[in-house]
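>>> A predicted structure for the sequence below; I have some questions about it.
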Amino acid sequence: MMHSCPCNVFQKVAGIIIGKTDVKSFPDRKNIGMDRFTFGFTVKDSPDFFINVSTWGNDAYVNGLASSFNIGDCVTIENPLVATKDLEKGDRFCPATPSHYRLLVTEAHSQVCLCADMDTIDRLLPLIHLPVKDSRDFYSLGDIVANGQKLDGSVINILAAVKSIGDIKQFTTSDGRRGQRLEVRLFDDSVSSFPLVCWDREAIQLIQPLIPRETVLFIADAKISFDSFRSSMVATVNSKSIITVNPVESITDVYTVSQLMQKAQENPEALFGITYSFISKLDLDSSVSKVIKTRCSKCKFLVTEDLNSCTNQLCPGKDQIVSATTGFDLLVDFTDHTGTLHACSLRSPVAEKALGCTIIPSPKLKSGIRGMVLDCSLADPGEVKQHMSALLQQRL
């Protein structure tokens, strides 16, 4: 675990990357005509502890290190320098953390590498779905719209689902710097469409591959501003923001299967909730090729083994040799005392966690109401009894 340390003490830390900024450069005051390069990332090693890490050095070192890992990777940091935060300077632009300290990685003393210990990786991976702020502390989109310009300039937490993801727009500033912009449309049960803008390449790479209407985001410390061109409010991801994809702690509404189907028929928008039910159908007779899918690790687009590059024109790695991951893409039925929800998607890595298997075939896709499993685990009998009793009382 990460604990308070006196300054200049070196340690070894293993954690999962939950946030990362783009590489930036600044004139080197000691070497006129030269630039210093830097980027930052946030690493988490337990549900309640995470810390910011900054890296400084020359172009080759900093850009090489930045390209060696992404958000969601598990890393080991050896010999980082531990320093006290300075909230009056650079630390005020970094994500808020529970620690009074930050880590500094330098080429001369430190090393950052991908974690190779599977036990450590298995322990760290679930942390990526835990928000860094209280999962109950957020504004609904309706609250943002209702408050309007009163929130202009505020930094708040947002919980919402992804409705659509736009194209990445490339541009060049007047001083010759290249930039990019991605606009995402969010929605919840109070607002059907709300804009979220990303300027940082790392945030864009995290969000661009997500599946609309199947993904929930908890955005810690998003900036809210009034857009005079649209005459409406807009949220922006900034250097302080940490985005949690499919935050399991933030989804608390419990439904029976029949309630889920009824709500899905009444409203075409995606619905997120918890159901206590049985896996009532898991077809094991289909061919392996129908349940094990290979996707581009950059954009999650389906690829075939004989292709050397991703065919998705919007893929951030389209001009590179494809880096692919293979995982489950299953369809299962869930049943409780009120009915059955057919053809729910159960994909990796949730499939491995829930089923503890390596190969499980699946039936063909069916039409109708679709479900997407964000998390699946054995239910506590006492918890089931409590929630089912409450749901049955609502029906009386």
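In hand now; what should we look at?

>>> buried set for stretch 248-262?
By 16 or more other Cβ atoms under 10 Å, the buried positions in stretch 248-262 come out as 248, 250-251, 254-261. Every C-beta, even on glycine, is put in place using the N, C-alpha and C of the backbone.

>>> can you give me the helices in the stretch 51-200 of the chain?
Remark: helices assigned in the stretch 51-200 of the chain by DSSP state H, counting those that start in this stretch are 59-66, 118-124, 141-147.

>>> closest one to residue 94 among these?
Residue 94 sits nearest to helix 59-66 of all the helices of the stretch 51-200 of the chain, at 15.8 Å, using Cβ to Cβ.

>>> Apart from its neighbours in sequence, what residue is nearest residue 187?
Once flanking residues are discounted, residue 187 sits nearest to residue 163: 4.4 Å by Cβ to Cβ, 6 or more residues apart in numbering.

>>> which residues does the one you found contact?
185-187, 192-193, 212-213, 269 (Cβ atoms under 8 Å, 6 or more residues apart in numbering).

>>> got it, and residue 328?
If you count contacts by Cβ under 8 Å, 6+ apart, then residue 328 has 291-293, 346-348, 351-352, 360 around it.

>>> What distance do you get for it to residue 339?
Remark: distance between residue 328 and residue 339 (Cβ to Cβ, to the nearest Å) = 25 Å.

>>> Ok, residue 85 next?
For residue 85 relative to residue 339 (Cβ to Cβ), the value is 53 Å.

>>> What of residue 83?
Distance from residue 83 to residue 339, by Cβ to Cβ: 57 Å.

>>> One more: residue 130?
Distance from residue 130 to residue 339, by Cβ to Cβ: 32 Å.

>>> Can you pick out the residue with more neighbours from those two?
Set residue 130 next to residue 339 and count neighbours by other Cβ atoms under 10 Å: residue 130 wins out with 19 against 16.

>>> excluding its backbone neighbours, what's nearest the more buried one?
Nearest non-adjacent residue to residue 130 (Cβ to Cβ, 6+ apart): residue 47, at 5.6 Å.

>>> give me the number of residues near residue 62?
Burial measure for residue 62: 21 neighbouring residues, criterion other Cβ under 10 Å.

>>> One more: residue 352?
Residue 352 has 14 neighbours, counted by other Cβ under 10 Å.

>>> Look up how far residue 301 lies from it.
Using Cβ to Cβ, residue 352 is found at 21 Å from residue 301.

>>> same deal with residue 379?
Per Cβ to Cβ, residue 379 is found 34 Å from residue 301.

>>> Could you do residue 94 as well?
Distance from residue 94 to residue 301, by Cβ to Cβ: 32 Å.

>>> what about those two, which has more around it?
Set residue 94 next to residue 301 and count neighbours by other Cβ under 10 Å: residue 94 wins out with 20 against 17.

>>> correct me, but the more buried one touches residue 241?
No: checked against Cβ atoms under 8 Å, the pair residue 94 and residue 241 is beyond contact range at 10.6 Å.

>>> Please report how far residue 157 lies from residue 274.
In terms of Cβ to Cβ, residue 157 sits 21 Å off from residue 274.

>>> more crowded one of those two?
Applying other Cβ under 10 Å to residue 157 and residue 274 shows that residue 157 carries more neighbours, namely 21 against 15.

>>> From the chain's centroid, how far away is stretch 70-86?
Distance of stretch 70-86 from its chain centroid, counting by Cα atoms, centre = their mean, to the nearest Å, is 19 Å.

>>> Quick check: end-to-end length of it?
Counting by Cα to Cα, to the nearest Å, you get 26 Å between the two ends of stretch 70-86.

>>> List the buried residues for it?
Buried residues in stretch 70-86, defined by neighbour count with 16+ other Cβ under 10 Å: 71, 73-77, 80-83, 85.

>>> Show me which helix or strand of this protein is least confident by mean pLDDT.
Lowest by mean pLDDT, DSSP states H and E among the helices and strands of the chain is strand 371-372, with a mean of 63.

>>> Tell me where the stretch 251-396 of the chain has helices.
Using DSSP H, counting those that start in this stretch, helices in the stretch 251-396 of the chain cover 257-266, 350-355, 381-395.

>>> Surely residue 121 and residue 75 touch.
No: using Cβ under 8 Å, residue 121 makes no contact with residue 75, being 10.3 Å away.

>>> Need the residues touching each of those two.
Here residue 121 and residue 75 have residue 115 as joint contacts, going by Cβ under 8 Å, 6+ apart.

>>> Please name the bridge partners of the spatially most central residue of the chain.
Among the residues of the chain, the one closest to the centroid is residue 245, at 3.0 Å (Cα atoms, centre = their mean). Counting by DSSP bridges, residue 245 is bridged to residue 217.

>>> where are the low-confidence patches of the stretch 51-200 of the chain?
Under the criterion of pLDDT under 70, none of the stretch 51-200 of the chain is flagged as low confidence.

>>> what about the strands in it?
Listed in chain order, the strands of the stretch 51-200 of the chain (DSSP state E, counting those that start in this stretch) span 74-78, 81-84, 101-105, 111-114, 155-165, 169-172, 178-187, 194-198.
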